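S.K.: just a sequence and a predicted model for now, questions to come.
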Amino acid sequence: MRQNLIALSGLSHSGKDLLFNQLLKLGRSEPDLKILQNVIFYDWLNTSFKKEDTYLENLLPPVREKILMKINTLIYIHDISYQLLDEITTDFQRITSNISTVNKNYQVILLLNRGHLIPNEVERNKVKNVVIQRLQQFFPHEIPSYIVSLKGADEQRLTNHIFTQIIKKATDFRKQHFLEEQLKIDQEKRHRLEKYLTEKMNNYGFAGAFLLSRNHAILLAKGKSVHWQEKVGPQVIRMLDQYEAFDVTPKAKTNILRIEDFLMITQAITKSIKLILIGIEPTFNVESYSTIEQKCLEISKELISKLN
Amino acid sequence: MSHYLKQLKTQSSRKIILLGLSQAGKTSIRDVVFEGKAPEETQNYAATLNYERQIEQVADEPITVMDLGGQEVFLKRFLSSMSSFIFSNVAVLVFICDIATPEKFPASLKAFVEGVSRLEEMSDVQPAIYVLLHKTDLMPDLTQRAERMEFLMEMFQDVAATKSITFLQTSIYDNSIHEAFKRITAEASEVIPEADTMEKEEDLEAIKQRLRLRPIQQVLHTLKFMNRLDEVILISLDDPNFKINASELEDSEIKHILTLLDKSNDLRLVTGSKSKLERLGSVMMYKSNIQPNHLLILLSRDDKSMLETRNLQEIEETVNLLSNQLESMLKTPI
């Protein structure tokens, strides 16, 4: 899972639209920061569509979830002169709980907007501390904060500088949070799992079956041949992982992915383990995708019982 | 002023004509679509004598629906002595082909060729041509049906190689016939733009662009109907403003969903691969590269859609067949 997105949010009238535009402007002038690719306006996720009963209704929830999973930084904007503490608390709670259902690894950065309205440093700090205290009720981690303003060329330059810093912070966060996870599977259990996977792989005509950890390291590999198990399969997985092919969201429990003649099925078995089945398409000619999916669900259920 | 605009201005009344062999189902279609009759009521219809004519109101514009008797004797008359009366001022020619009677395919093709050439002679606008591959309910086997559709599409396109034909699968027993006529009537009312807007020079480019994009859009609609999809979108990977789709969703909604798909990294193909199929929740998404640097996206949520039930290689064949057409259309400058 590549967590590359920075989401921008805040109450209405907090000035988030103008700040978002400023961020896009910066992105256009500094393409190396990859702002245009990696920044998302949180409100986009909540848009409702005018025409009901369209495919969009079905498509939106899994896409929204996938985007929430990819967020590594939430920039929350608050107008420094507002006293709407209860409102921002509720809004912030809603957003963080939405993200947290699928994503536990992200940071929050608070931007106090319209800084020019309170020039006094002591006053500013007072507001900042109160707001952070409120937000920390729902996000009990450190919340870095910055005071920004777009009123005047100097303020805009300073805001751009802060944005650049935040983008770098997001990149650093991305680097450090991928801690290696090790799944402990004892020898006997491993043997049982391998036997089961081999049997299912042969039954359904797959060429390889793999278990991946949360950070997509291969925990267990079985292939129709040693070459497939040790070379081809892992190579395909590593290559496709760069394209985020195995990012399965809870709403899309199984992902069926077909590239050229290869068919790959990703199934989230537990929160941290994924099952990948790889086969060559003609093998499945007679089966509909939902039948294949059903088979995978059965394999997953069995795997869970074997893992426990 | 462009050649097209001159043509468009001469047109004053619009006409949709329904053409097809006897027993193809023309009168039933007319009665189900425009009269609101139940499909079962039309089961025992006698052959249409001569022709019936009626005026329909579509978006406040009158459209003449002519249901031509399919009996050979009438067909001959329509295609000879009465052709100027029948084929002038036609906005849309709808040719109905009963897919369940292969023995009639040669005669059907002949009537189609005759009809199209009369249309060419008599009509002073460039009418749209639709071929309804009708009575799909009589071929429940999807694979068999798809094979026949592909065969017929090729045959019809071969005999009218220079024409852009839109093929739609229809049956009066499901919504497909209403969907098809929604498009056909929309197309008929679109043939003539408002006179005052036509005169505006600043609109010329937009009209030219629309005329250029229309055949592309027709190909997308064909893909959508052939594979029972919810949506087909063609986007340019170079120009963010280039986007054509085959549903009736608002432009802003399509743009919005494309932005989200871009952010979720679902608009990306693995380098070197031509296509990718994936599932997002209950929606299947198939993507294919179209040269030069375009992406074709097929979306479907329906479990019965071709993306779900059919072997993908068959879909790919349809996509490839139409991709070549799309590629040459995209390469043609305005």
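M.R.: Ah, there it is.
S.K.: show me where pLDDT drops low in chain A?
M.R.: Residue ranges of chain A with pLDDT under 70: A:1, A:50-53, A:174-184, A:251-253, A:281-288.
S.K.: which stretches of chain B form strands?
M.R.: B:14-20, B:51-58, B:61-68, B:92-98, B:128-134, B:165-169, B:231-236, B:243-245, B:275-280, B:283-290, B:294-300 (DSSP state E).
S.K.: in JSON lines: the ones you listed, plus distance to chain A.
M.R.: In this view, the C-beta of every residue, glycine as well, is placed from N, C-alpha and C. Listed next are the strands of chain B as JSON lines, based on distance: least, CB to the nearest CB, whole Å:
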{"stretch": "strand B:14-20", "distance to chain A": "26"}
{"stretch": "strand B:51-58", "distance to chain A": "20"}
{"stretch": "strand B:61-68", "distance to chain A": "23"}
{"stretch": "strand B:92-98", "distance to chain A": "25"}
{"stretch": "strand B:128-134", "distance to chain A": "23"}
{"stretch": "strand B:165-169", "distance to chain A": "19"}
{"stretch": "strand B:231-236", "distance to chain A": "6"}
{"stretch": "strand B:243-245", "distance to chain A": "11"}
{"stretch": "strand B:275-280", "distance to chain A": "4"}
{"stretch": "strand B:283-290", "distance to chain A": "5"}
{"stretch": "strand B:294-300", "distance to chain A": "6"}
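S.K.: helices of the stretch 51-200 of chain B, residue ranges please.
M.R.: Taking DSSP state H, counting those that start in this stretch as the test, the helices found in the stretch 51-200 of chain B are B:72-79, B:83-87, B:105-122, B:142-159, B:176-190, B:195-199.
S.K.: which residues of chain A fall in strands?
M.R.: Using DSSP E, strands in chain A cover A:5-10, A:39-41, A:71-79, A:107-113, A:145-147, A:208-212, A:218-223, A:254-259, A:262-268, A:274-280.
S.K.: which strand residues bridge the closest residue to chain B within the stretch 151-300 of chain A?
M.R.: The minimum distance from the stretch 151-300 of chain A to chain B, using CB to the nearest CB, falls at A:R258 (4.1 Å). Under the criterion DSSP bridges, A:R258 forms beta bridges with A:L263, B:L277.
S.K.: can you pull the contacts of the residue positioned nearest the centre of chain B?
M.R.: Among the residues of chain B, B:T166 comes closest to the average C-alpha position under CA atoms, centre = their mean, at 3.2 Å. By CB atoms under 8 Å, 6 or more residues apart in numbering or on different chains, the residues touching B:T166 are B:A128, B:I129, B:Y130, B:V131, B:R183, B:Q218, B:H221, B:T222.
S.K.: one step back: pick out the shakiest of the helices of the stretch 51-200 of chain B, pLDDT-wise.
M.R.: Note on the helices of the stretch 51-200 of chain B: lowest mean pLDDT is at helix B:195-199, with a mean of 41.
S.K.: near chain B, anything from stretch A:106-117?
M.R.: No - residues of stretch A:106-117 are not located near chain B by CB under 8 Å from any CB of the partner chain, the shortest gap being 15.1 Å.
S.K.: okay, now that stretch: how far is its last residue from its first?
M.R.: 30 Å (CA to CA, to the nearest Å).
S.K.: what count of nearby residues applies to residue 22?
M.R.: Picked chain A for this. Residues lying near A:Q22 (other CB atoms under 10 Å in any protein chain shown) number 17.
S.K.: was after chain B, sorry
M.R.: So B:S22, with other CB under 10 Å, has 17 neighbours.
S.K.: from chain A, how far off is it?
M.R.: 38 Å (CB to the nearest CB, to the nearest Å).
S.K.: do you know how far that residue is from B:T101?
M.R.: 11 Å (CB to CB, to the nearest Å).
S.K.: try A:S213
M.R.: 59 Å.
S.K.: cool, B:L21 as well?
M.R.: Noted for B:L21: a distance of 9 Å to B:T101, by CB to CB.
S.K.: with B:S252 instead?
M.R.: 45 Å.
S.K.: ok so, going back, of B:L21 and B:T101, which one has the most company?
M.R.: B:L21 (23 against 15).
S.K.: buried ones in the helix ranked longest in chain A?
M.R.: Of all segments of type helix in chain A, defined using DSSP state H, the longest is helix A:153-177. Within helix A:153-177, the residues scored as buried using 16 or more other CB atoms under 10 Å in any protein chain shown are A:155-156, A:158-160, A:163, A:166-167, A:169-171, A:173-174.
S.K.: now those residues as CSV including distance to A:T89?
M.R.: Formatted as CSV, these follow (distance: CB to CB, whole Å):
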residue, distance to A:T89
A:E155, 27
A:Q156, 30
A:L158, 28
A:T159, 25
A:N160, 29
A:F163, 25
A:I166, 22
A:I167, 27
A:K169, 24
A:A170, 24
A:T171, 29
A:F173, 24
A:R174, 28
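S.K.: spatially nearest residue to B:E317, not counting backbone neighbours?
M.R.: Setting aside the residues directly before and after it, B:E317 is nearest to B:E150 in space (CB to CB, 6 or more residues apart in numbering or on different chains), at 7.5 Å.
S.K.: B:V319 is in contact with the one you found, correct?
M.R.: No - counting by CB atoms under 8 Å, B:V319 is not a contact partner of B:E150; they are 11.8 Å apart.
S.K.: the more surrounded of these two?
M.R.: Using other CB under 10 Å as the criterion, B:E150 and B:V319 rank with B:V319 on top: 22 against 16.
S.K.: near chain A, which residues of the stretch 201-334 of chain B?
M.R.: Residues of the stretch 201-334 of chain B that fall close to chain A, judged by CB under 8 Å from any CB: B:230-231, B:247-250, B:253, B:256-257, B:259-261, B:263-266, B:268, B:270, B:273-284, B:299-301, B:303, B:308-309, B:311-313.
S.K.: are any of those buried, and which?
M.R.: Applying 16+ other CB under 10 Å to those flags B:230-231, B:247, B:249, B:253, B:256-257, B:260-261, B:263-266, B:268, B:270, B:273-284, B:299-301, B:308-309, B:311-312 as buried.
S.K.: need the contact list for B:T259.
M.R.: A:W44.
S.K.: can you count the residues close to B:L18?
M.R.: So B:L18, with other CB under 10 Å, has 27 neighbours.
S.K.: quick check: it vs B:D98, distance?
M.R.: Taking CB to CB, one finds B:L18 at 13 Å from B:D98.
S.K.: identify the residue nearest the residue nearest to the centre of chain B in space, chain neighbours excluded?
M.R.: Using CB to CB, 6+ apart, the nearest residue to B:T166 is B:Q218, at 4.4 Å.
S.K.: ok, that neighbour - contacts?
M.R.: B:Q218 neighbours (CB under 8 Å, 6+ apart): B:A128, B:S164, B:I165, B:T166.
S.K.: one more pass at 10 Å, please.
M.R.: B:A128, B:I129, B:Y130, B:S164, B:I165, B:T166, B:F167, B:R183, B:E187, B:A246, B:Q325, B:M329 (CB atoms under 10 Å, 6 or more residues apart in numbering or on different chains).
S.K.: using JSON lines, lay out those together with distance to A:G208.
M.R.: Output for the contacts of B:Q218, formatted as JSON lines (distance: CB to CB, whole Å):
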{"residue": "B:A128", "distance to A:G208": "50"}
{"residue": "B:I129", "distance to A:G208": "49"}
{"residue": "B:Y130", "distance to A:G208": "47"}
{"residue": "B:S164", "distance to A:G208": "45"}
{"residue": "B:I165", "distance to A:G208": "45"}
{"residue": "B:T166", "distance to A:G208": "43"}
{"residue": "B:F167", "distance to A:G208": "40"}
{"residue": "B:R183", "distance to A:G208": "45"}
{"residue": "B:E187", "distance to A:G208": "50"}
{"residue": "B:A246", "distance to A:G208": "37"}
{"residue": "B:Q325", "distance to A:G208": "38"}
{"residue": "B:M329", "distance to A:G208": "41"}
